[in-house]
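Undergrad: Compute the structure for the input listed below.
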Amino acid sequence: MSATYLGGFSGDMKREFTGIPNHEMTHVWQWDRAGQAPDRLIEGIADFMRLRNGFVAELNKKMKTGYGDDYFVDLLGKTVDQLWSQCKAKYAT
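TA: I've put the predicted structure just below:
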């Protein structure tokens, strides 16, 4: 983490300060098929994890005692069906 970068950052410092390690730690757990995976995929996944800062941790907390579709409404404000419909519409071929 660069002190120079953070010193010049003018947005939400807490979000940025926690977002950078989330992005980089995602790389620790990624498998890139011995360098064969496209860089845009590897970085896109890490950026997604950064932008969804806290989502996985909050979902894991909820799932310690079971599972419910309502978890997604609580965390993302949309039902599973709404999220699935958006995904299908966005990536339709």
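Undergrad: Locate the residue nearest the centre of the chain within the secondary structure: which element?
TA: Geometric centre of the chain, nearest residue: M49, 2.1 Å, by Cα atoms, centre = their mean. Taking DSSP states H and E as the definition, one finds M49 inside helix 39-51.
Undergrad: Now find how far off-centre that helix is within its chain.
TA: Taking Cα atoms, centre = their mean, to the nearest Å, one finds the center of helix 39-51 at 8 Å from the center of the full chain.
Undergrad: Compute the inter-axis angle for the following helix or strand past that helix and helix 39-51.
TA: Following helix 39-51 in sequence order, the next helix or strand is helix 55-62 (DSSP H and E). With axes from the mean of the first three to the mean of the last three Cα atoms, to 10 degrees as the basis, helix 55-62 and helix 39-51 are set at 50 degrees to each other.
Undergrad: Quick check: which helices or strands does helix 55-62 pack against?
TA: Secondary structure elements in contact with helix 55-62, counted by 3 or more Cβ pairs under 8 Å, 6 or more residues apart in numbering; DSSP states H and E, are helix 70-76. In short, each C-beta sits where N, CA and C put it, glycine included.
Undergrad: CA atoms of the helix it packs on as CSV?
TA: C-alpha atoms of helix 70-76 as CSV (Å, rounded to 0.1, in the frame of the first residue of the first chain):
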residue,chain,number,x,y,z
ASP,A,70,-33.7,-13.5,2.4
TYR,A,71,-30.0,-13.1,3.1
PHE,A,72,-29.5,-11.5,-0.3
VAL,A,73,-32.3,-9.1,0.3
ASP,A,74,-30.7,-8.1,3.6
LEU,A,75,-27.2,-7.7,2.1
LEU,A,76,-27.9,-6.5,-1.5
